[in-house]
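Asks: Predicted structure and sequence below. I'll ask about it afterward.
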Amino acid sequence: MNKIGKSKTFLFREIKYSDKESVLISIKFIYSNIFFLFFALNLLLLLNLISCNTTEPPIIPPPPPDLRKITLTFEDASCTEVWLRVKADSITLPVEIKLMQETTQQNITLTVKDSVIYIDSLNPNQTYVYQAVLNKDTTIKSEKITAQTLEPTSHNFTWQSWEFGQHSSSVLYDVAIIDENNIWAVDEIYMNDSLGNPDPTLYNIIKWYGVQWKVERVYYNYQGSNFIAPLFSIIALTATDIWVGSNQPMHLIYNKWEKWDLLSDIWNGWINKIWGTSKNDLYIVGNGGEIAHYNNTTWTKIESGTTLNIYDIWGDINPNTNEYEIIALASDHTSGKGTKLLRINGTNVENISTEGLPLSMDAIWFRSLRKYYAVGDGFYSTQILGNQWLKNNSIPKYHKTTISSTNLNNIFLGGAYGLFMHFNGVEWNNYQFNVVSYNDFFSSIDLKSNLVCAVGANMNNKAIIYLDVK
């Protein structure tokens, strides 16, 4: 035990520190360790704070995309006009845009998101480039588009004419072209019998077989007996789907006649005109304001709201709705009760403004939302239904009875005293004095592809036909 104690004493003293110095060293040692420990704790705390702070710097979102957009599309054209559709998306209305066309421009105020721009006084058969630009911010612009005006059609036709009727008063009322070898016209034609004597039984159909016309009869069977009457209207939907009208409709379907005896609460009067797109959607119009619709199973009366005679009906696809716009024309040639235009929508009939139209009118033709033409005691047109109808005073002042067209650059007009005219999209040509006779009267004209056929009567009580035979 002593040895061990002496050894410790020896060792302690070998360091040669006094007891006071030992205490001071111990205190310094303790303080140094406390400082180190404090530093270490703070370092650990700092590292811990750094390692625990996982919050990334805030991401600044990009600015919202500019949704403002102008779209320009080509809609339609005649020889001298174009219709463009402009759409303004995410743009506060009203707004002004510039419509640029090569070196020219015009300011247009848009008040609705989707509208049509009409441009006239153009040249035929020419391509125009258009672009719409926002006035306040020219960086907002449409793509450039092209618009092609129509080429004028030719006035050069090779006409051949025929007369029919050997006694009484013969007349052709309506005509329908199926193809160059198949044309039908409805009529009231009186011929002599095989012995050369007047045949009192009329013919009510005449057909073109490619090289000649042949008069035929269509009888109406009622309660076991055959009856015959003049036919006033015809439409050929296809070569095997043909409709004719007298005081009842008749339908030739695959060489078999389908006939009706419509009750007076559905139909009562002569059928002046037939229009439709198929046997599922067919209209007949006639005297006393009569309108009826056929849907392949049922005839339905449509209340027209007028007792005026309805002389014509026409329909065309509305480019905005992709549905047919259907308009009938009613008038009174004798009593001066006026003219009515009736828009038919299902079983509903809406009266359209006739401001500017005279009391006596006969026919109507139109391209929906483009041009509307009405003829009778004058030649009238309007671009927008509801606006005033404007008279074309350059057309001869003979009564007009029929108008037919395949497009805005191919319109035929016919009427009294041999009035027979063609509009090629730029100008009118009158065949009144160099092709047809002043004695001729035209009741109907039909066009199909390059074919033209006009029918009527003359002052010699003959039925007449003019056919372009290229």
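Replies: Noted; the coordinates are in hand. Numbers count the residues shown, from 1 in each chain.
Asks: Check what contacts the helix or strand where residue 234 lies and list those residues.
Replies: Remark: residue 234 resides in strand 233-238, with elements defined by DSSP states H and E. Applying Cβ atoms under 8 Å, 6 or more residues apart in numbering, the set of residues contacting strand 233-238 from outside is 173-178, 184-186, 242-245, 271-279, 284. Placement of C-beta: from N, CA and C, glycine included.
Asks: Please list only the buried members of the residues you listed.
Replies: Listed as buried from the contacts of strand 233-238 are 173-178, 184-186, 242-245, 271-276, 279, 284; burial here means 16 or more other Cβ atoms under 10 Å.
Asks: Can you flag which of those belong to strands?
Replies: With strands taken from DSSP state E, the overlap with the buried ones among the contacts of strand 233-238 comprises 173-178, 184-186, 242-245, 271-276, 284.
Asks: List the neighbouring strands of the strand holding residue 234 plus their orientation.
Replies: strand 241-245 (antiparallel) (DSSP bridges).
Asks: just how off-centre is the partner strand within its chain?
Replies: The chain centre lies 26 Å from the centre of strand 241-245; the measure is Cα atoms, centre = their mean, to the nearest Å.
Asks: and the helix or strand just after it, what does it pack onto?
Replies: Elements were assigned by DSSP H and E; along the chain past strand 241-245, the next helix or strand is strand 249-253. Where contact means 3 or more Cβ pairs under 8 Å, 6 or more residues apart in numbering; DSSP states H and E, strand 249-253 is packed against strand 241-245, strand 256-259.
Asks: Tell me the gap between the shortest one and the middle of its chain.
Replies: On the basis of Cα atoms, centre = their mean, strand 256-259 is displaced by 33 Å from the centre of the chain it belongs to.
Asks: Name the residues of the strand holding residue 234 that are buried.
Replies: Using 16+ other Cβ under 10 Å as the burial criterion, the residues of strand 233-238 that qualify are 233-237.
Asks: got the angle between that strand and strand 271-278?
Replies: 10 degrees (axes from the mean of the first three to the mean of the last three Cα atoms, to 10 degrees).
Asks: got the angle between strand 233-238 and strand 249-253?
Replies: Orientation note: strand 233-238 sits at an angle of 20 degrees relative to strand 249-253 (the same axes, to 10 degrees).
Asks: Looking at the buried residues of strand 233-238, which one is closest to residue 253?
Replies: In terms of Cβ to Cβ, no member of the buried residues of strand 233-238 lies closer to residue 253 than residue 237, at 9.8 Å.
Asks: Mind jotting down where the helices sit in the stretch 1-150 of the chain?
Replies: Assigned by DSSP state H, counting those that start in this stretch, the helices in the stretch 1-150 of the chain fall at 2-14, 19-52.
Asks: now the strands for the stretch 51-200 of the chain?
Replies: Here the stretch 51-200 of the chain has its strands, by DSSP state E, counting those that start in this stretch, at 69-77, 82-89, 95-101, 104-110, 114-119, 127-134, 145-148, 159-164, 171-179, 182-189.
Asks: picking up where we left off before, return the member of the helices and strands packed on strand 249-253 having the minimum mean pLDDT.
Replies: In terms of mean pLDDT, the lowest-scoring of those is strand 256-259 (a mean of 91).
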